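In: Sequence and predicted structure, then a few things I'm wondering about:
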Amino acid sequence: MSEPTQSKQKFSHHCEKCDYTATRPKEWLLHIETKKHIRGGGAKPKICTICNEEFVTHWMCKMHILKIHESKEVRAKCKYYCAHCDLIFYAQKYLDKHINGKIHQNLMKALESIKN
C-alpha cells in the first residue's frame, strides 16, 4: 500500500522594497524587521561623525573628513597628496591628472612669478 503524498506548497515571498526573496515564513518575518527593509532597501548611509553629513560610500565619507575636518598636517601624511594645492586624491592616477591639469599648472606659474 502506498502512502498518500502530501503536496506541500513552497513558501516564497518577494519584497519589492528591498529586492529580497524569503523561502520560509520565519525568514520573511525576520526580514520585515530588519533596518534594510525599514530603510526601503537602500544602502546604509555613511555619516560623518563630526558634522552628521551623509554619504553613499565609506570612502566618500573618509575623504570628506580628510578634506574638510582634518588639519593640513594630517592631509600631508596621505599617500596621494599635493602639497602645493593642499588636496588629497583617491589614487596616483588622479594626483597625476591634477598635477598635469590647468588649475595646478596655473598655481605653479603664479607661485613662480611671486618668487621672481
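Out: All right, it came through fine. Numbers count the residues shown, from 1 in each chain.
In: how about low-confidence regions in this protein?
Out: Residue ranges of the chain with pLDDT under 70: 1-8.
In: Please enumerate the strands of it.
Out: 13-15, 20-22, 46-47, 54-55, 81-82, 87-88 (DSSP state E).
In: Go through the ones you listed and pick out the most buried.
Out: Most buried of those by mean neighbour count (mean count of other CB atoms under 10 Å) is strand 87-88; its value is a mean of 18. Glycine gets a C-beta too; all of them are placed from N, C-alpha and C.
In: Could you name the helices and strands sitting against it?
Out: strand 81-82 (3 or more CB pairs under 8 Å, 6 or more residues apart in numbering; DSSP states H and E).
In: Just give the number of residues close to residue 53.
Out: 14 (other CB atoms under 10 Å).
In: ok, now the one 10 residues further on?
Out: As a burial measure, the neighbour count of residue 63 was computed by other CB under 10 Å and equals 16.
In: go on, residue 64?
Out: Residue 64 has 17 nearby residues by other CB under 10 Å.
In: Stretch 49-58: end-to-end distance?
Out: 12 Å (CA to CA, to the nearest Å).
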